[in-house]
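Engineer: model the following, please.
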Amino acid sequence: MSALRRKFGDDYQVVTTSSSSSGFHQQQASAPKKKRQRFVDKNGRCNVQHGNLGSETSRYLSDLFTTLVDLKWRWNLFIFILTYTVAWLFMASMWWVIAYMRGDLNKAHDEKYTPCVANVYNFPSAFLFFIETEATIGYGYRYITDKCPEGIILFLFQSILGSIVDAFLIGCMFIKMSQPKKRAETLMFSEHAAISMRDGKLTLMFRVGNLRNSHMVSAQIRCKLLKSRQTPEGEFLPLDQLELDVGFSTGADQLFLVSPLTICHVIDSKSPFYDLSQRSMQTEQFEIVVILEGIVETTGMTCQARTSYTEDEVLWGHRFFPVISLEEGFFKVDYSQFHATFEVPTPPYSVKEQEEMLLMSSPLIAPATEEAYWEVHRRELASGQGHLRAYGKRLAWAESEEVKKGRAQPKRGRATRSASALVWLEIKHPGWVLKSTSPSQPYPLLAFRCLQLLLPAFLTTGPAGCSPHLHGCRSRGMQIPVSLPST
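Structural biologist: A predicted model of the protein is given here:
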C-alpha cells in the first residue's frame with residue numbers, strides 16, 4: 001500500500017469493501033438504514049415466489065422436461081431412481097405373468113417341455129431375466145424361446161420402453177449437469193457501485209471480472225433500475241423497470257472480459273438518475289439489477305450472471321482501485337483489490353442541480369469575457385435546452401432577486417423562441433434585466449437604443465459584429481443579455 005501511495009500521491013484514501021468490512025457504506029450515511037427486501041440477491045437469486053396459481057399449475061406438465069430440469073437435485077435423483085425401479089418391476093411382472101398364464105412355473109424342471117423363457121420359474125428369476133435383457137448383458141442360463149409369440153411381442157415393447165425412459169431421464173440428468181449456472185460462480189461483481197466524475201461527467205460505475213482463463217464469448221451486460229413510482233393518472237407501479245444505458249449506442253456494452261472491467265453509466269438528462277444527489281440518496285429507494293450474459297467457451301452454452309445494488313450500496317464520491325499492473329511479459333490482476341474503492345472529489349449535487357447552477361452563474365449576471373459568454377450559450381444550445389428557454393429561466397430568477405431587494409416590481413411574462421418577441425419582452429418588462437457594473441447602482445434595462453442596435457447586429461453578423469454595441473452599452477454602466485438566434 002505504501003508503494004501505491006508513493007506512486008499516486010496522497011490525494012485519496014483507500015477503502016476496502018470486502019465482505020469482512022461490514023459497515024463500510026456508513027461513511028456516507030449518518031445513520032444506518034434498515035435492511036429492506038431485495039428483488040435480486042447479491043448472488044443473483046431472484047426473490048420472487050409464485051402463489052395462488054390454481055389450475056394454472058397444470059401448465060408445468062405441458063413442459064415436463066423443463067420442469068424436471070428446474071427441480072432441485074434431490075428431487076431429480078428421487079424421480080430418476082423411482083422411475084427406473086417402477087419400470088423394472090412392471091416389466092419383470094409382465095414376464096412373470098406370461099410364464100404363469102402358460103403354466104411355465106409348474107413345468108420349469110420338465111426337460112421335455114419348452115417354456116416361453118427357459119429357467120424362469122418364479123418372480124425373482126423373471127426379474128433377473130428382465131435385467132439381463134434390459135442391460136444387454138447377454139443370455140446364458142435364461143433365454144427366450146421361439147415357442148412364445150407373446151414373449152417376442154413383450155420383448156419388442158420392453159426394448160422400445162427402455163429406450164424412451166433412458167433418453168428422457170439420462171438426457172434430463174445430462175442437461176442438468178451441463179447447465180452453465182456454476183460457470184456464473186466464477187464471474188465477479190464488485191460489492192458496491194460508485195458515483196464520481198469521469199471525463200467531466202457524473203458517472204455511475206461498478207466492476208465485473210472473470211476468474212477463469214477461458215473466455216466468455218460475446219459477453220454483453222445490461223442494467224435495469226427498479227424503482228417505485230406513481231403515474232400522473234394515479235397508478236402506483238411498485239417495481240417499475242427502467243433501462244440504464246451502459247453503452248448501447250457506442251458498443252461499450254459488448255465486453256472483452258479477459259480482465260476486470262469498470263462498467264459506466266453516464267448520468268445526463270436522459271438518465272433516471274438525472275436529479276439524484278448525495279443528499280437525496282439518503283431518502284431514495286431503488287435497486288440496480290445487473291445482468292451479464294455470454295457464451296461459455298468450452299461448452300458453447302449461454303451463461304447468465306446477475307447481481308444488484310441497492311441505494312445504500314452506491315458510494316457517492318468514490319472510484320475503484322486499479323487492479324491491473326504490468327509485469328515482465330504479462331499483465332497481472334490483483335483480485336485482492338477488486339472491491340476496493342477510494343474517495344475522490346465529487347460535487348454533491350445532481351446533474352440537474354449542476355446545470356441549474358451553471359445557468360444561474362451565467363454571464364448574464366456578471367460576464368467575465370465575451371468569449372466565455374458565447375461559450376455558455378453554445379453549450380446550452382448543444383444540450384438541447386433551447387437558448388430562449390434557458391434565457392427565460394435566468395430572467396425569472398433575476399426578477400425574483402430584484403423583487404426581494406425591493407428594487408423592482410413583480411412582472412409577468414415568458415420568453416418565446418422568436419427573436420422579435422424577445423425584443424418586445426425586454427421593452428415591455430424592463431425591470432427584468434438586472435445588474436449594472438456597479439453593485440450599488442442597479443440599472444434596469446431602459447436603454448432601448450442599446451437593445452435596438454445590439455440584436456440586429458448579432459442576427460446579421462454574429463458575436464463579432466456585436467462588440468462595438470456591447471462596449472457602447474457597457475460604457476453606460478449596464479449589462480446587456482445576448483442570446484443565440486433560433487437558426
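Engineer: dump stretch 152-162 to PDB, restricted to CA.
Structural biologist: C-alpha atoms of stretch 152-162 as PDB (Å, rounded to 0.1, in the frame of the first residue of the first chain):
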ATOM      1  CA  ILE A 152     -41.500 -61.800 -28.600                       C
ATOM      2  CA  ILE A 153     -44.000 -59.000 -28.600                       C
ATOM      3  CA  LEU A 154     -43.200 -58.200 -25.000                       C
ATOM      4  CA  PHE A 155     -39.500 -58.200 -25.800                       C
ATOM      5  CA  LEU A 156     -40.100 -55.600 -28.500                       C
ATOM      6  CA  PHE A 157     -42.200 -53.500 -26.200                       C
ATOM      7  CA  GLN A 158     -39.600 -53.700 -23.500                       C
ATOM      8  CA  SER A 159     -36.800 -52.500 -25.800                       C
ATOM      9  CA  ILE A 160     -38.900 -49.500 -27.000                       C
ATOM     10  CA  LEU A 161     -40.000 -48.500 -23.500                       C
ATOM     11  CA  GLY A 162     -36.400 -48.900 -22.200                       C
END
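Engineer: for that stretch, buried residues please.
Structural biologist: 154, 158, 162 (16 or more other CB atoms under 10 Å). Yep, even glycine has a C-beta here, placed from its N, CA and C like the rest.
Engineer: with stretch 278-288 instead?
Structural biologist: 281, 284, 286-288.
Engineer: equivalent analysis for stretch 306-319, please.
Structural biologist: In stretch 306-319, the ones that count as buried by 16+ other CB under 10 Å are 306-319.
Engineer: can you pull out the helices in the stretch 1-150 of the chain?
Structural biologist: Using DSSP state H, counting those that start in this stretch, the helices of the stretch 1-150 of the chain run over 2-8, 59-62, 64-70, 73-102, 123-134, 149-177.
Engineer: most neighbours per residue, which of these?
Structural biologist: Sort those by mean neighbour count, taking mean count of other CB atoms under 10 Å, and helix 123-134 sits at the top with a mean of 19.
Engineer: low-confidence stretches in the stretch 251-400 of the chain?
Structural biologist: 359-400 (pLDDT under 70).
Engineer: hmm, residue 152 is touching residue 159, no?
Structural biologist: No: using CB atoms under 8 Å, residue 152 is not in contact with residue 159; the gap is 11.0 Å.
Engineer: still on that earlier bit, biggest separation within the buried residues of stretch 306-319, which pair?
Structural biologist: 306 and 317 (26.9 Å; CB to CB).
Engineer: quick revisit: mark which of the buried residues of stretch 306-319 are part of strands, please.
Structural biologist: Among the buried residues of stretch 306-319, the members found in strands (DSSP state E) are 306-310, 314-316, 318-319.
Engineer: avg pLDDT for the biggest strand by length in the chain?
Structural biologist: The longest strand of the chain (DSSP E) is strand 216-230. Averaged over strand 216-230, pLDDT sits at 92.
Engineer: direction included, what does that strand pair up with?
Structural biologist: Here strand 216-230 has these sheet partners by DSSP bridges: strand 236-244 (antiparallel), strand 254-255 (antiparallel), strand 287-296 (antiparallel).
Engineer: export the ones you listed to CSV and append columns for distance to residue 265.
Structural biologist: Shown next, in CSV, are the strands paired with strand 216-230 (distance: least, CB to CB, whole Å):
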stretch, distance to residue 265
strand 236-244, 5
strand 254-255, 14
strand 287-296, 9
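Engineer: among the ones you listed, which comes closest to residue 357?
Structural biologist: Comparing the strands paired with strand 216-230 by CB to CB, strand 236-244 comes nearest, at 24.9 Å.
Engineer: pick the one among the ones in strands among the buried residues of stretch 306-319 closest to residue 46.
Structural biologist: Distances from residue 46 to those, taken by CB to CB, are shortest for residue 306, at 7.8 Å.
Engineer: what about the closest residue to residue 137 other than its chain neighbours, distance to residue 162?
Structural biologist: In space, and not counting its chain neighbours, residue 137 is closest to residue 131: 7.4 Å by CB to CB, 6 or more residues apart in numbering. Note on residue 131: its distance to residue 162, by CB to CB, to the nearest Å, is 11 Å.
Engineer: look up phi and psi at the nearest residue to residue 207 once chain neighbours are set aside.
Structural biologist: In this structure, residue 207 finds its nearest non-sequential neighbour in residue 190, 3.9 Å apart by CB to CB, 6+ apart. Main-chain dihedrals, residue 190, degrees, to the nearest 10: phi -60, psi 150.
Engineer: let me see the contact set for residue 190.
Structural biologist: 17, 206-208, 320, 338-339 (CB atoms under 8 Å, 6 or more residues apart in numbering).
Engineer: among the residues you listed, who's most crowded?
Structural biologist: residue 206 (25 neighbours; other CB atoms under 10 Å).
Engineer: test my guess that it contacts residue 196.
Structural biologist: No: if you go by CB under 8 Å, residue 206 and residue 196 don't touch, sitting 12.0 Å apart.
Engineer: okay, now residue 303: neighbour count?
Structural biologist: Residue 303: 21 neighbours (other CB under 10 Å).
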